[in-house]
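Participant: Quick one: sequence and predicted model below, then my questions.
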Amino acid sequence: MKAIRRFTVRPVLPEPLRPLSDLARNLRWSWHAETRELFRSVDPERWDGDPVRLLGSVSPVRLAELARDAVFLERLTAVADDLREYVDGTRWYQEQSAEFPAAVAYFSPEFGITAALPQYSGGLGILAGDHLKAASDLGVPLVGVGLLYRHGYFRQSLSRDGWQQEHYPVLDPNELPLTPVEEEDGTPAQVVLALPGGRSLRARIWLAQVGRVPLLMLDSDVEENDLGERGVTDRLYGGGSEHRLLQEMLLGIGGVRAVRTYCRLTGHPEPEVFHTNEGHAGFLGLERIAELCDRGLDFDSALEAVRAGTVFTTHTPVPAGIDRFDRELVARHFGPQAELPRIDVERILRLGMETYPGGEPNLFNMAVMGLRLGQRANGVSLLHGKVSREMFAGLWPGFDPDEVPITSVTNGVHAPTWVAPEVFRLGARQIGDRRAEEALTVGGSDRWDSVAEIADQDIWDLRRCLREQLVQEVRRRLRASWRQRGAGTAELGWIDEVLDPDVLTIGFARRVPSYKRLTLMLRDRDRLMELLLHPERPVQVVVAGKAHPADEGGKRLIQELVRFADDPRVRHRIVFLPDYGMGLAEKLYPGCDIWLNNPLRPLEACGTSGMKAALNGCLNLSVLDGWWDEWFQPDFGWAIPTADGAGTDPDRRDDIEADALYDLLAQRVAPRFYERGHSGLPDRWIEMVRRTLSLLGPKVLAGRMVREYVERLYEPAARAHRAMTPDAARDLAAWKARVRDAWHDVTVDHVETSAVMGTAELGATLGLRVRVGLGGLGPEDVDVQAVSGRVDSEDRIADATSVPLKPAGGPDQDGRWVYEGPLSLDRTGPYGYTVRILPAHPLLASSAELGLMAVPSDDVVEAAGVLMR
């Protein structure tokens, strides 16, 4: 019989064991080995990696035993004291500049903290979780903000014929490592959004404590909501356009209100900086504008104040990956009869409109709004920053992509989460636990020299041990998968022979959109079979990944690979494991020798799975995309050649790149793995592992990433926020309006140089004299610059450098100004220069911020020879 109602009965812990409850509710246990070992010892048979579930199931008799166990109680006290010191003690952030923000609010639609809190679908969520953990380790006063999805993301299984099946288990917040946020009178803290037609959307606030960092999660499944509104936070990335819009309004607008509520109730410092992790939370800027308008600022001034303290991170390198909503749908949910009633709907719509060439005028673009609401923006690798500047260049017309104000902070991964305990212990043997922990969390060094002192035999024994663990995990999961597919026990004896702990092991695990090319390895099945079944140098492959429930193409790719892996000839050498998540990943990354990544370049924004593998001594075999394009060295692995020219047919491109992959595996990777030196060990392979750990390891840390965010984005944003007083915001908004109104009269009228010959010598200096019209503006409102560099056959300037020119007196009788300055010829070959005028104000973060530029007209160019070759 089925229960008509489900609820959770919490255990009553004996008084000596009460600290266990606090330890279970702080998610630091997910990356702190001593805390996990303590919980394992509570009941080794029941331990499944979830302390809350464990404490809910352990018997009262066992609890009474532990309450009398002096050794256990001593361990419990030590672990509880360690957590208290971790949460309250001084860390990296507290030792830094007083200019750092008092607090930062970090918004993301998903967070991958632990498998026990399944609120993530893939890389974006795992990155957000690693960001919170690293911020906690560093002592950064971050507040995370997300949604609590009652079904999380789907669980994946396979049908008998290999088709992806989705399952949505119901999650009870009371059975998760969460605490309800309550008002002072003990009632649940809630946020409320106004919806069209007089309806409202209410959401309860839950707290997940991630070390030092509070993560606020909004849950719409409350009794006060109607059935439709209760389902707003039902599942991650589900539903139609309106459903997604409501989720993103709740995340952005409701999230700001949740932060205000949390700070009011706890005394936590109010955030000075708001960080939007992708466009989903972009509406947070509108709520903050509304707050300032309620305090007496006009919309334009409030916009400037909000922009000053906002950081926007884009994670997608393709326009199709951005949430875009119908203009009318957005308009219906704002205004007098809906949310933010005191803000003109047209002003809201203008923030998300695609006003650039090729843009769709009837769509509201969340990334465009994020860029317009954030004074600072970044991509997530050097290459992705370049791709983003090109993709969004239309928002800054006239500027070369290199000058578009989008920088990059390359992602990192949280080493204490992803480094296998065996790897950590080997490192700690050299330098001690405390120094090893600091190296993995704070980082800061360019290399881990102590790895050089680890003996070859120890490294090789470690790699074999991790491979053996993966083999056992694969067999366990594969047997469970085949039972779900309908196989009987008698059919599954072959699974005991699946994989070999002495065979070169390749891992490939990620989401399954088409650009990641799950099935590129199947392009020539005969060649793949030769690699899998080679008599002396075989390889074995472990594959995992989920396709979005609505992505039929992705599901077909999975089925194609599963059917190949089901072939009795190769099923002992290649496996597909369903339900890829954090639990599987923590075994997969350390156990592989090679991490394979073959996306269509440059469509991988960063791709952090290879970083996690590298931290465990796994070598990368990847297309030069994302982070690998930035940090690849032959010591760390191999680069798959690409055929990404504009004229390459997609099928032909796949053929070429698959051939390159097979050649690398057959001719370079496998021979290197199986080659033995005088010691009987694969000396050259071990040296690559050593150099990966010592040189690449420090680069890929989330601690390095978060320190970059703090120093390069959060601190400047906090300073800008503090400078943007109400009067400063009004002045800046008025100045921008005046500049925009006057800009059509800003002109470069005449350019002359001290030398006009067609050639010049390296090191020579030209004297520039420029006559400009500033309309109603003055020299304090503009920068007049000479821009120079090498030129191509069409006179386009590459690798441009700009130098300011200075006024040579006051305006003439026509109101024109003369600017002068030197131009040094510091490069040989075809060389050119031009002159431009840009708006200038001390509160601008970039001279491109207004998207305004004046350059010489064609007549001026022809008369003065502005481009000199």
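Facilitator: All right, it came through fine.
Participant: In this structure G507 contacts L588, no?
Facilitator: Yes. Contact status for G507 versus L588: in contact at 5.5 Å, counting by Cβ atoms under 8 Å. No exception for glycine: its C-beta is placed from N, CA and C like everyone else's.
Participant: what's the overlap in contacts for these two?
Facilitator: Shared contacts of G507 and L588, defined by Cβ atoms under 8 Å, 6 or more residues apart in numbering, are found at V542.
Participant: Count the residues that sit near the nearest residue to R571 once chain neighbours are set aside.
Facilitator: Leaving aside its chain neighbours, R571 sits nearest to A565 (6.0 Å; criterion: Cβ to Cβ, 6 or more residues apart in numbering). Counted with other Cβ atoms under 10 Å, the neighbours of A565 add up to 20.
Participant: Which residues are in contact with A565?
Facilitator: By Cβ under 8 Å, 6+ apart, the contact list for A565 reads V543, R571, I574, V575, F576.
Participant: 6 Å - rerun?
Facilitator: Applying Cβ atoms under 6 Å, 6 or more residues apart in numbering, we find A565 in contact with I574, V575, F576.
Participant: Ramachandran coordinates for it?
Facilitator: Main-chain torsions, A565, degrees, to the nearest 10: phi -70, psi -20.
Participant: Quick check, pLDDT for it.
Facilitator: pLDDT, A565: 97.
Participant: do A320 as well
Facilitator: A320 carries a pLDDT value of 75.
Participant: looking at it, A67 is touching E15, isn't it?
Facilitator: No. Using Cβ atoms under 6 Å, A67 is not in contact with E15, being 7.6 Å away.
Participant: between the two, which one's more packed in?
Facilitator: A67 (15 against 7).
Participant: Report the separation between that one and G56.
Facilitator: According to Cβ to Cβ, to the nearest Å, A67 and G56 sit 17 Å apart.
Participant: likewise I348?
Facilitator: Here I348 is placed at a distance of 46 Å from G56 (Cβ to Cβ).
Participant: which one of these two has more residues nearby?
Facilitator: More neighbours surround I348 than the other of I348 and G56, with 22 against 16 (other Cβ under 10 Å).
Participant: Return the residues in contact with the closest residue to that one other than its chain neighbours.
Facilitator: What sits nearest to I348 in space, not counting adjacent residues and going by Cβ to Cβ, 6+ apart, is F334, at 5.3 Å. By Cβ under 6 Å, 6+ apart, the contact set of F334 is L340, V345, I348.
Participant: for W460, same thing?
Facilitator: L681, I686.
Participant: Report pLDDT for it.
Facilitator: In the predicted model, W460 carries a pLDDT score of 98.
Participant: tell me which element it falls in.
Facilitator: helix 456-484 (DSSP states H and E).
Participant: Can you name the next helix or strand after that helix?
Facilitator: The first helix or strand that comes after helix 456-484 along the chain, using DSSP H and E, is strand 504-509.
Participant: And the contacts of that following strand?
Facilitator: For strand 504-509, the surrounding residues in contact (Cβ under 6 Å, 6+ apart) are 467, 539-545, 580, 588, 592-596, 670, 673.
Participant: Tell me the buried residues within these.
Facilitator: 467, 539-545, 580, 588, 592-596, 670, 673 (16 or more other Cβ atoms under 10 Å).
Participant: Next one: E820 relative to D814, how far apart?
Facilitator: According to Cβ to Cβ, E820 stands 18 Å off from D814.
Participant: Under the pLDDT cut-off, which ranges of the stretch 751-869 of the chain? List them.
Facilitator: The stretch 751-869 of the chain contains residues with pLDDT under 70 at 755-759, 859-869.
Participant: Could you pull out the helices in it for me?
Facilitator: Listed in chain order, the helices of the stretch 751-869 of the chain (DSSP state H, counting those that start in this stretch) span 858-864.
Participant: swap in the stretch 101-250 of the chain?
Facilitator: In the stretch 101-250 of the chain, the helices defined using DSSP H, counting those that start in this stretch lie at 123-138, 227-230, 241-249.
Participant: pLDDT of the second one, averaged?
Facilitator: The one in question is helix 227-230. For helix 227-230, mean pLDDT is 95.
Participant: Send over that helix as PDB, restricted to the C-alpha atoms.
Facilitator: Taking Å, rounded to 0.1, in the frame of the first residue of the first chain, the C-alpha atoms of helix 227-230 are listed here in PDB:
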ATOM      1  CA  LEU A 227      -1.000  24.700  -7.900                       C
ATOM      2  CA  GLY A 228       0.700  26.400 -10.900                       C
ATOM      3  CA  GLU A 229       2.800  28.600  -8.700                       C
ATOM      4  CA  ARG A 230       3.800  25.700  -6.500                       C
END
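Participant: what about it, distance to the chain center?
Facilitator: Mean-position distance between helix 227-230 and its chain equals 30 Å (Cα atoms, centre = their mean, to the nearest Å).
Participant: For it, give me every contacting residue.
Facilitator: Contacts for helix 227-230 (Cβ under 6 Å, 6+ apart): L201, S220, D221.
Participant: Next step: those restricted to strands.
Facilitator: L201 (DSSP state E).
Participant: quick one: which of the contacts of helix 227-230 is nearest to F154?
Facilitator: Nearest to F154 among the contacts of helix 227-230 is D221, at 17.6 Å by Cβ to Cβ.
Participant: need the contact list for the closest one.
Facilitator: R150, R230.
Participant: neighbours around F274, how many?
Facilitator: Residues lying near F274 (other Cβ under 10 Å) number 29.
Participant: Just confirm it contacts T310, I think it does.
Facilitator: Yes. Look at F274 against T310 with Cβ under 6 Å: they come within range, at 5.2 Å.
Participant: what about the closest residue to L76 other than its chain neighbours, distance to D88?
Facilitator: Counting by Cβ to Cβ, 6+ apart, L76 lies nearest to P19, which is 5.7 Å off, once chain neighbours are set aside. Distance, P19 to D88, using Cβ to Cβ: 15 Å.
Participant: show me what contacts R653?
Facilitator: R653 neighbours (Cβ under 6 Å, 6+ apart): A643.
Participant: host element of it?
Facilitator: Assessed by DSSP H and E, R653 sits inside helix 650-664.
Participant: mean confidence for that helix?
Facilitator: Averaged across helix 650-664, pLDDT comes to 95.
Participant: before we move on, what about stretch 192-203?
Facilitator: Average pLDDT, stretch 192-203: 96.
Participant: So what would you say the end-to-end distance of it is?
Facilitator: In stretch 192-203, first residue to last residue: 7 Å (Cα to Cα, to the nearest Å).
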